[in-house]
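> Just to be clear, the model below is a prediction. Sequence and coordinates:
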Amino acid sequence: MKRTVILLLMGIAVVGLLFSCNSGSGSDKQHIGSNTIVQQPDGTISLNLEKADCYSDKVDPSVNTAEWNVVVSKSGRFNVWISSATKDTTDLKYSHSVLVSVHDTRIEGVPECDKIIRNSSEVSYPYYKADSFMGSMYIKDPGEYNIQVISEKILPTESKRSDKPSADISKLISVSFTPVIKR
């Protein structure tokens, strides 16, 4: 009797263990949160401000922050681009540098108009889309990362306009990481 009870408890423990472990049969996406961004099959990571957790500081807008949880499946070196909606295609009017950080790696710089995209579906008149190259970053291992961007051009959603005239000229709309191809 005692032996039967022990075998029964061991069987229950084994069954419980089997159901609690991820067997790797494609069920990884069950563990990804609804706000988590997944890397695209070509390796690109696209982060739209609309899908970010945003924090704004009315006293010091230069520390306004956007954060995303991102699942990286293909590690490597990435070119980092900031996209802005702008009315002035010669000067984006960023007063402070923009900081992009992934884990312990950071890139910081003042965005410039490297590419102007007319008729972009991401912005509407009177804005143009301006892409700014920020530099390159190496992501060593696949896994889940918190990506953070700090900039005064991350405008609060409840107030699209500000008392600063430059706030109406441009605003940050997205960040993208494009894989660097080895040649």
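Received, thanks.
> Quick one: the strands in this structure, in order.
36-38, 45-48, 53-55, 65-72, 76-86, 98-102, 105-109, 115-117, 128-139, 143-150, 170-179 (DSSP state E).
> Include mean pLDDT, distance to L92 and mean neighbour count when you put these into a markdown table, please.
All C-beta spots, glycine's among them, are computed from the backbone N, C-alpha and C. Output for these, formatted as a markdown table (pLDDT from 0 to 100; distance: least, CB to CB, whole Å; neighbours: other CB atoms under 10 Å):
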| stretch | mean pLDDT | distance to L92 | mean neighbour count |
| --- | --- | --- | --- |
| strand 36-38 | 94 | 24 | 16 |
| strand 45-48 | 96 | 18 | 19 |
| strand 53-55 | 94 | 19 | 14 |
| strand 65-72 | 96 | 17 | 19 |
| strand 76-86 | 96 | 5 | 21 |
| strand 98-102 | 97 | 10 | 21 |
| strand 105-109 | 96 | 12 | 14 |
| strand 115-117 | 93 | 11 | 12 |
| strand 128-139 | 96 | 6 | 18 |
| strand 143-150 | 96 | 15 | 18 |
| strand 170-179 | 95 | 5 | 21 |
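> need those strands in TSV with distance to P156, can you?
Output for the strands of the chain, formatted as TSV (distance: least, CB to CB, whole Å):
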stretch	distance to P156
strand 36-38	21
strand 45-48	16
strand 53-55	7
strand 65-72	11
strand 76-86	15
strand 98-102	17
strand 105-109	22
strand 115-117	25
strand 128-139	21
strand 143-150	14
strand 170-179	10
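> dump the residue contacts of the nearest residue to S56 once chain neighbours are set aside.
Closest residue to S56 apart from its sequence neighbours, by CB to CB, 6 or more residues apart in numbering: P156 at 4.3 Å. Residues near P156 by CB atoms under 8 Å, 6 or more residues apart in numbering: C54, S56, N64.
> so V180 touches V80, yeah?
No - at 10.5 Å, V180 and V80 do not qualify as touching, with contact defined as CB atoms under 8 Å.
> list residues touching both of the two?
With CB under 8 Å, 6+ apart as the test, V180 and V80 both reach S136.
> so which of the contacts of P156 would you say is closest to G76?
C54 (28.0 Å; CB to CB).
> can you pull up the bridge partners for that closest one?
The residues listed as beta-bridge partners of C54 by DSSP bridges are A66.
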